[in-house]
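Visitor: A structural model of the following input is requested.
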Amino acid sequence: MPMMTRVKRALKELFGARQWPRREVFHPTSYDEQIYQALARPGDVCFDVGANQGEVSLFLAKLVGESGLVVAFEPLWPMFLRLCRDIQFDTILKAPIITVPVGLADIKKHTAINVPNGHFGMGSVADAAAWAKVQPGARIDSYQIELTTIDSFLGESRLQPPTFMKIDVEGAELFVLRGAAQLFNEGHRPLMHIEIFAPWERAFGYHPWTPLSWLLERGYRFLFACPSGLVDHLPTEARPFPPEYVMGYNVLAYEPVAHAERLDGVRHLRAGSLTKPLPMSPPPQPNDF
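Guide: Okay, the predicted model is just below:
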């Protein structure tokens, strides 16, 4: 790029001016981004379920490129508006990002989402009293939102099924999966990065074994993101997690045959490899089932 062009671009960025989309070399800044970069491929269709303000949506969109697609689901209006703003102001060439102001569950309905101490990223559709129990001392504010299912969304939008899903819904992941029953029954097996955090699931009255067994029945296996790296573990009801996962909260769910090539991409992030993953942010409390 000519020097004068670089100077003009730098001045525009300094003063917050919009500019033409550009290509940029980017590097992961977190453990989760390392995983996304190792797994995502150009042309992928990605669902970001619980998109918050869009950091993951933007990162995935840059990985899958202009031939790919990202669908960002965020039901809380304050966060949805921030999501739309951040996407519109990002000028790096990327996949189209479709923003959808609804949440995902097992049925279509209007309901309340409960937010502790104004922290919208911790909003949950768990019962307000149950959510307050796992957020000790927090003030809970409720907001009305709309929920749909993955199956309904795909039927109504006619979009391609996802090849990759990130699910971060503060304990409600089981219901997101159940709302995709038709997708799975038709043989689709998206690669998934799912938050499985027992303290949050308790607010819904279920155990981590419940979503893990649901996925096991459909042929999935798991790598648990632990501080030391990705850990292979076959869950059982008595031992759903490996011991190291007490300080973890995300699981990579894969189908061994369908995702064999993708798994090669995370070989360097497995526990015991020579590559040390970037530091993992600690959970708000131990992930103790």
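
Visitor: Spell out which helix or strand contains residue 111, please.
Guide: Using DSSP states H and E, residue 111 maps to strand 109-116.

Visitor: can you give me the strands for the protein?
Guide: 45-49, 69-73, 97-100, 103-104, 109-116, 140-148, 164-167, 191-195, 221-226, 229-232, 250-254 (DSSP state E).

Visitor: Distance from the second one to the middle of the chain?
Guide: Put plainly, it is strand 69-73. The chain centroid and the centroid of strand 69-73 are separated by 11 Å under Cα atoms, centre = their mean, to the nearest Å.

Visitor: same question, the first one
Guide: Averaging C-alpha positions (Cα atoms, centre = their mean) puts strand 45-49 8 Å from its chain's average.

Visitor: Then the last one?
Guide: For strand 250-254, the separation from the chain centroid amounts to 10 Å (computed by Cα atoms, centre = their mean).

Visitor: The third one now?
Guide: In terms of Cα atoms, centre = their mean, the gap separating the centre of strand 97-100 from the centre of its chain is 14 Å.

Visitor: Pull out the buried residues from it.
Guide: 97, 99-100 (16 or more other Cβ atoms under 10 Å). No exception for glycine: its C-beta is placed from N, CA and C like everyone else's.

Visitor: How about residue 78: what's its closest non-neighbour residue?
Guide: residue 120 (5.7 Å; Cβ to Cβ, 6 or more residues apart in numbering).

Visitor: do residue 216 as well
Guide: residue 235 (6.9 Å).

Visitor: TSV for the buried residues of strand 97-100, including pLDDT?
Guide: Shown next, in TSV, are those (pLDDT from 0 to 100):
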residue	pLDDT
97	97
99	98
100	98
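
Visitor: Residue 91: how many residues sit nearby?
Guide: Burial of residue 91 is recorded as 16 neighbouring residues (other Cβ atoms under 10 Å).

Visitor: Next: the one 4 residues further on.
Guide: Using other Cβ under 10 Å, residue 95 is surrounded by 24 other residues.

Visitor: Begin at 318, not 1, for the rest of this chat.
Guide: Fine by me, first position is 318 from now on; the one you just mentioned is residue 412.

Visitor: Just to check, it is in contact with residue 385?
Guide: Yes. The pair residue 412 and residue 385 passes the contact test of Cβ atoms under 8 Å, sitting 3.9 Å apart.

Visitor: Give me the below-cutoff pLDDT ranges for the stretch 468-606 of the chain.
Guide: Applying pLDDT under 70 to the stretch 468-606 of the chain flags no residue at all.

Visitor: Enumerate every residue touching the closest residue to residue 561 other than its chain neighbours.
Guide: In this structure, residue 561 finds its nearest non-sequential neighbour in residue 543, 3.8 Å apart by Cβ to Cβ, 6+ apart. By Cβ atoms under 8 Å, 6 or more residues apart in numbering, the contact set of residue 543 is 559, 561-562, 564-565, 588, 597.

Visitor: change it to 10 Å
Guide: Residue 543 makes contacts with 348, 550, 558-567, 588, 594, 597, 604, as judged by Cβ atoms under 10 Å, 6 or more residues apart in numbering.

Visitor: from these, which is closest to residue 453?
Guide: Ranked by distance to residue 453 (Cβ to Cβ), the contacts of residue 543 are led by residue 604 at 16.6 Å.

Visitor: Alright, I will stop here.
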